[in-house]
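In: here you go, sequence then predicted model.
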Amino acid sequence: MSLNEQSGLPEEQKQALRKAKRLEWLSLAYTACTVTVVAFVLGNSQAMKTAWVEDILSTLPQLAFLLAAVFTTRNSTLKHPYGYHRSMNIGHLVGSFALIVVGGILAFEAASGLIKAEHASIGTMQLFGHTVWMGWIMVAVMAIIAVPPIFLGRAKMKVARFLHNKLLFADADMSKADWSTNVGSIVGVLGIGMGLWWTDGIAALFISAGILRDGLRNTKFAVLDLMDESATTYDQRKIHPLIKELQDFLIQVPWIASVGIRMRDQGHVFHVEAFVSTTADSVSTKALIGLTQDTIGLNWKLQDVVIIPVQDIPPNTHARYSHHLTEQ
Amino acid sequence: MTTPARQAKEVSIQEELSSLQSTLHLFRMRTTVNARVRALNHGRSRTMTKSLKSLALLIVVLAMLTAFGNAIPVDPHGSLDRIRHGELRVGVSQNEPWVQLHDDGDPTGTEVDLVIEFAKSLGSEVHWISGSEEALMESMNQGEIDLIASGLTSKTPWTDKAAITRPYREWDNTWGETEKHVLAVPMGENALLSELEAFLDRSRADE
C-alpha cells in the first residue's frame, strides 16, 4: 500500500509544535525562577518542601516533551519504519512514572511526620531592617507564583488539543491544577502560624497525594497507548471520533461490504489498518491505491494507512457492516 | 352631559391607564430581560461556582488572617506565653568562651549574658540546667527546657531535634574558619523562636 508520509507532520502542525516548544521553554524558565525563590524561603515545613519538590517535578513532562520533540518530527527510516512518533509516549511514561515514585516518597514522609508528631519550625528573616515571620513571606511567594501557571496551562491545553499530543495535555492539565498545590502549602504554613502543627503534615499529604494521582493516571494512559489501545481522544476520555469517521467513509464505497478498523496512537498520528471485505470477486489494485490515498486525505493524523481486503473481518476490530448486505 | 369636570376626570383616568400600561410593559420587558440573564448565567454557572469556591477560600484565608494576624506565629505548646513574666529554663553546656559552668553559682560567658538579656526583655527569671549537649537536646524534646546555649554553630547536627535560630554572631575560630553562632529552642515553638530571633536582631543592631 502507499504511505504518504516522509516527514513527520504537516506544516500547520509543525507550527503548532514549535509553539508548544516555546510554551514549554517558557514554563521551564518560569519554574527555574520559582524553584530558586522558594528554595530561599523553604524553612523546615513539610508542606513547603513537598510543594517545592512538586515544582521541580512539574518540569519532568516539559523536559520529556522537549526531548521527545527532537525525535518526533524525524522521518521514518528502514530501521524505524513507523517513524519516531512514539518517542512522545515514552517521554510520557518515564515522566509519569517518576511522579509516582517521588509522590510516594513524599506521601510517606508526610505521613511519618504526622505519626511522629513532628513540629515544623518556621523562624523569622530580616527584611529591610525589620524582623518578619518567614511564614508571611512563604505565603506571599506561594500566592504570587500560583497565578502564571494557570494561564500557561490554558495556552498549552489549546495547542495540545490541536496537536493531539497527550504528553502536552497531561502537562497542561498539571499546570492548570498547580495552584491547588500552592493553596495547600499556604494553608499548611498558616496552620503552623496558628499553632496547629498538624496542618503542615496534612497539607503535605494532600499535595503528595496530588502528585501520586497525576503519576498513576498518566502512567496508566502512557501504558495504554504503548500497549496499542484503540486510539482515543487527547484526554483519553473516549474512542477517537476518527474511527467512526473512517468507518463511515469506507462503508459508503460501493464495492465494500464490511469494514473492520484497528487504529493505534503513535504519538501525534495514528497507524491504521482497515480490513475490508467485498462482495465482488476481485478488487483492482488501482481502486485500492486510490482509496488509500483518499483515506489519507481525510485527516492529517491519518498518515500511515493500510487497507487490506479480507474474506471475514477479523475479531476485535471496530467493525461496520453495509446495510444492503444485511438486507439481502 | 359631558361636564368639563367629568372630561378632566376621563383624561386623568386615561393618563393613569396609559401610565399603568407602560409600567406593565416595562415590567414585562424586565422579566424577559431577567429570564435572558438567567439563561446566560446558567451557561456560566460552572465557572461561577468555581470562582465562588475560590472566593470562599479567599474569605476563609482572610478571616484566618484577621483573627490570628497579630498573634501569628503561635506556639503549639504555648512556650512564649508561659515564659513571659515567668521562668525561662535554659540548658547550658560547658563551651568557653560562650558558656562557662561553675561549681557554685550561675554560669558565665558571652552566650550566658545574651540569654540573661533575653530573659530580661521578657520580664522572666532564668533557671539554669546543665548537662551534655545530647542530654539537653533530649530534655528539650521532652519539654523540660526552653532554650539551649552551648556555643552551637550553624553547622550543628541537631537540626532535626531542635529549632535553630539564625546566626547571631560570626566568629573566626582558632583554625581560621568562620563560625556562625546560633541558639536552639524546641521544635515548632515558632512564637518563641521568632521572639528570640527578633531579640537577637535588636541586640546586634545595638552593638
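Out: Yep, that arrived.
In: so what's residue 104 up against?
Out: In the absence of a named chain, chain A is used. Going by CB atoms under 8 Å, 6 or more residues apart in numbering or on different chains, A:Gly104 touches A:Ser208, A:Leu212. Quick note: C-beta positions are derived from backbone N, CA and C, even for glycine.
In: let's see 7 Å
Out: By CB atoms under 7 Å, 6 or more residues apart in numbering or on different chains, the contact set of A:Gly104 is A:Leu212.
In: gap between it and A:Phe97?
Out: 11 Å (CB to CB, to the nearest Å).
In: B:Leu193 too?
Out: As judged by CB to CB, B:Leu193 and A:Phe97 stand 40 Å apart.
In: so those two - more neighbours on which side?
Out: The neighbour comparison of B:Leu193 against A:Phe97 (other CB atoms under 10 Å in any protein chain shown) goes to B:Leu193, with 31 against 17.
In: tell me the phi and psi of that one?
Out: phi -60, psi -50 (degrees, to the nearest 10).
In: wait, it touches B:Ala163, no?
Out: Yes. Taking contacts as CB atoms under 7 Å, B:Leu193 lies within contact range of B:Ala163: 5.0 Å.
In: okay, which residue is most central for chain B?
Out: B:Ile72 (2.7 Å; CA atoms, centre = their mean).
In: report how many residues lie close to A:Leu78.
Out: By other CB under 10 Å, 5 other residues sit near A:Leu78.
In: roughly how far does it sit from A:His85?
Out: Separation of A:Leu78 from A:His85 (CB to CB): 17 Å.
In: A:Ser185 now?
Out: A:Ser185 is 38 Å from A:His85, by CB to CB.
In: and A:Gln46, by the same measure?
Out: Remark: distance between A:Gln46 and A:His85 (CB to CB) = 41 Å.
In: with A:Gly267 instead?
Out: Distance of A:Gly267 to A:His85, given as CB to CB: 3 Å.
In: overlap in contacts, these two.
Out: With CB under 7 Å, 6+ apart, A:Gly267 and A:His85 have common neighbours A:Thr72.
In: and the residue of chain B found nearest chain A, its phi and psi?
Out: Proximity of chain B to chain A (CB to the nearest CB) peaks at B:Gly188, 2.2 Å away. Per-residue torsions, B:Gly188: phi 80, psi -10 (degrees, to the nearest 10).
In: show me where the chain has helices.
Out: Picked chain A for this. For chain A, the helices defined by DSSP state H cover A:11-40, A:46-57, A:59-72, A:87-115, A:134-145, A:148-163, A:166-193, A:198-226, A:241-251, A:285-296, A:323-327.
In: wrong one, chain B
Out: With DSSP H as the criterion, chain B has helices at B:4-68, B:79-83, B:110-122, B:133-141, B:190-206.
In: what sits against the closest residue to chain B within chain A?
Out: At 2.2 Å from chain B, A:His119 is the closest residue in chain A, using CB to the nearest CB. A:His119 makes contacts with A:Trp197, B:Pro76, B:Met187, B:Gly188, as judged by CB under 7 Å, 6+ apart.
In: likewise B:Trp171?
Out: The contact partners of B:Trp171, by CB under 7 Å, 6+ apart, come to B:Glu179, B:His181.
In: report pLDDT for the nearest residue to A:Gly193 once chain neighbours are set aside.
Out: Ranked by CB to CB, 6 or more residues apart in numbering or on different chains and with sequence neighbours excluded, the top spatial neighbour of A:Gly193 is B:Ile72, at 4.0 Å. Note for B:Ile72: predicted pLDDT of 82.
In: hang on, B:Ile72 packs against A:Gly195?
Out: No. Applying CB under 7 Å, one finds B:Ile72 not in contact with A:Gly195, separated by 8.7 Å.
In: what's the separation between A:Asp173 and A:Leu152?
Out: Taking CB to CB, one finds A:Asp173 at 12 Å from A:Leu152.
In: what's the burial count for B:Gly109?
Out: The number of residues packed around B:Gly109, counting by other CB under 10 Å, is 20.
In: I misspoke; the intended subject was A:Thr77.
Out: Look at A:Thr77: counted by other CB under 10 Å, it has 9 neighbours.
In: from A:Glu24, how far off is the residue nearest to B:Tyr168 when sequence neighbours are not counted?
Out: Sequence neighbours aside, B:Leu200 is the residue nearest to B:Tyr168 in space, at 4.1 Å (criterion: CB to CB, 6+ apart). Distance, B:Leu200 to A:Glu24, by CB to CB: 45 Å.
In: domains of chain B?
Out: For chain B, the structural domains run B:1-72, B:79-206, going by automatic domain parsing.
In: tell me the most buried of those?
Out: Among the domains of chain B, the stretch with the highest mean neighbour count (mean count of other CB atoms under 10 Å in any protein chain shown) is domain B:79-206, at a mean of 18.
In: quick check on the residue of chain A closest to chain B: phi, psi?
Out: The phi/psi pair for A:His119 (degrees, to the nearest 10) reads phi -100, psi 120.
In: now it: closest residue in space, sequence neighbours ignored.
Out: With CB to CB, 6+ apart as the criterion, A:His119 has its nearest non-adjacent residue at 2.2 Å, and that residue is B:Gly188.
In: contacts only, for that neighbour.
Out: Per CB under 7 Å, 6+ apart, neighbours of B:Gly188: A:His119, A:Ala120, A:Ser121, A:Trp197, B:Pro76.
In: again, 8 Å this time
Out: By CB under 8 Å, 6+ apart, the residues touching B:Gly188 are A:Glu118, A:His119, A:Ala120, A:Ser121, A:Ile192, A:Trp197, B:Asp75, B:Pro76, B:His77, B:Ala163.
In: out of the helices of chain B, name the one with the poorest average pLDDT.
Out: When I compare these, helix B:4-68 is least confident, with a mean of 64.
In: would you confirm that A:Leu250 contacts A:Ala274?
Out: Yes. Counting by CB atoms under 8 Å, A:Ala274 is a contact partner of A:Leu250 at 6.1 Å.
In: what do those two both touch?
Out: Overlap between the neighbourhoods of A:Leu250 and A:Ala274 consists of A:Val259, A:Ile261, A:Thr295, A:Ile307, taking contacts as CB under 8 Å, 6+ apart.
In: out of those, who has the most neighbours?
Out: Tallying neighbours with other CB under 10 Å puts A:Val259 at the head of the shared contacts of A:Leu250 and A:Ala274, with 24 neighbours.
In: surely that residue and A:Pro314 touch.
Out: No. Here A:Val259 lies out of contact with A:Pro314, judged by CB under 8 Å, at a distance of 11.3 Å.
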